[in-house]
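Asker: Could you look at this predicted model? Sequence included:
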Amino acid sequence: MKVELLDHCGGDLAVVNAARVSFDKWKDEMDEGDEKLVAFLLKNRHGTPFEHTFFKFRVECPIFVIREWHRHRTHSYNEMSGRYTELPGHFYLPAFEDIRVQVGKPGHYTYVAADEFTCMKFIESLCLAYEDDWKRYKRHLEWGIAKELARIHLPVGLYSKFIWSCNARSLMHFLSLRNAPQAMLEIRRCAEMAEEALKTCMPITHEAFIANNRTSP
Ligand SMILES: Cc1cc2nc3c(=O)[nH]c(=O)nc-3n(C[C@H](O)[C@H](O)[C@H](O)COP(=O)(O)OP(=O)(O)OC[C@H]3O[C@@H](n4cnc5c(N)ncnc54)[C@H](O)[C@@H]3O)c2cc1C
């Protein structure tokens, strides 16, 4: 799974200047007062100044992760098309340490590592299914079936690619839900990579987000 930052604009200073326009003020460099201002805005849920920033990522992950990701409506997406391109035969196989069994009741599940035998059976079963699915897809294409139909049996473990853009406010909201203990492990791994981008490009905002209990403004 890959989450690659392609482009970024705005930063902690963009947040400060969006907020300071209220007083017709402009800063060219951050100072300690500005750092406190970022923390104040975040804590007091003044979210709009964080919207004057932009992050663009290229993401590669399985479709079952994308289905969760694209529920976030305040973001922009463009995904590889299975109508126009022959899909790459790349399927998700979890590492043994990521194979878990669920314990408890719906809404209160905890996850524990599966035993080695169960892991082996699971991986073998996935490999057989993926191989069969892929052969069928290729056969459908050979028969001349349109790509948009040839694919319809393919599983959610198939990888896809998309371009994802959002502002820092939306990104923090995404991170609060998806880089969190209750999130599915696979989307959490991706969210961790996205969080690194926030931390690098907007260190003061990121620090305030952590201090604010990972709650977006
Ligand atoms: C652990 C977990 C389990 C989940 N389980 C399920 C599940 O079982 N089934 C399921 O269907 N989904 C599930 N979801 C998805 C969840 O319901 C949300 O769709 C998803 O997390 C996006 O959250 P959001 O709507 O806050 O984010 P966004 O869509 O990014 O929206 C950001 C914010 O904008 C505002 N907003 C956006 N659109 C509207 C609107 N139309 N009206 C009012 N305000 C709006 C809200 O304040 C919202 O919080 C789960 C999510 C998580 C994290």
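Answerer: Nice, I can see it.

Asker: Show me which residues of this protein are close to the ligand?
Answerer: Arg71, His72, Arg73, Thr74, Ser170, His173, Leu177, Gln182, Ala183 (C-beta under 6 Å from any ligand atom). Yep, even glycine has a C-beta here, placed from its N, CA and C like the rest.

Asker: Buried only: go through the residues you listed for me.
Answerer: His72, Ser170, His173, Leu177, Ala183 (16 or more other C-beta atoms under 10 Å).

Asker: Nearest to Glu116 among these?
Answerer: Ala183 (25.8 Å; C-beta to C-beta).

Asker: who's in contact with the closest one?
Answerer: Each residue near Ala183 by C-beta atoms under 8 Å, 6 or more residues apart in numbering is listed here: Leu177, Ala191.

Asker: Tabulate the buried ones among the residues of the chain next to the ligand (TSV), appending secondary structure and pLDDT.
Answerer: TSV is the format used below for those (DSSP: H, G, I helix; E, B strand; the rest coil; pLDDT from 0 to 100):
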residue	secondary structure	pLDDT
His72	coil	98
Ser170	helix	98
His173	helix	98
Leu177	helix	98
Ala183	coil	95
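
Asker: and the two most separated of these?
Answerer: Ser170 and Ala183 (16.2 Å).

Asker: where do the strands sit along this protein?
Answerer: 2-9, 54-62, 76-79, 100-103, 110-113, 159-166 (DSSP state E).

Asker: Compile those into TSV and extend it with columns for mean pLDDT and mean neighbour count.
Answerer: Output for these, formatted as TSV (pLDDT from 0 to 100; neighbours: other C-beta atoms under 10 Å):
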stretch	mean pLDDT	mean neighbour count
strand 2-9	98	14
strand 54-62	98	19
strand 76-79	98	12
strand 100-103	94	12
strand 110-113	92	12
strand 159-166	98	18
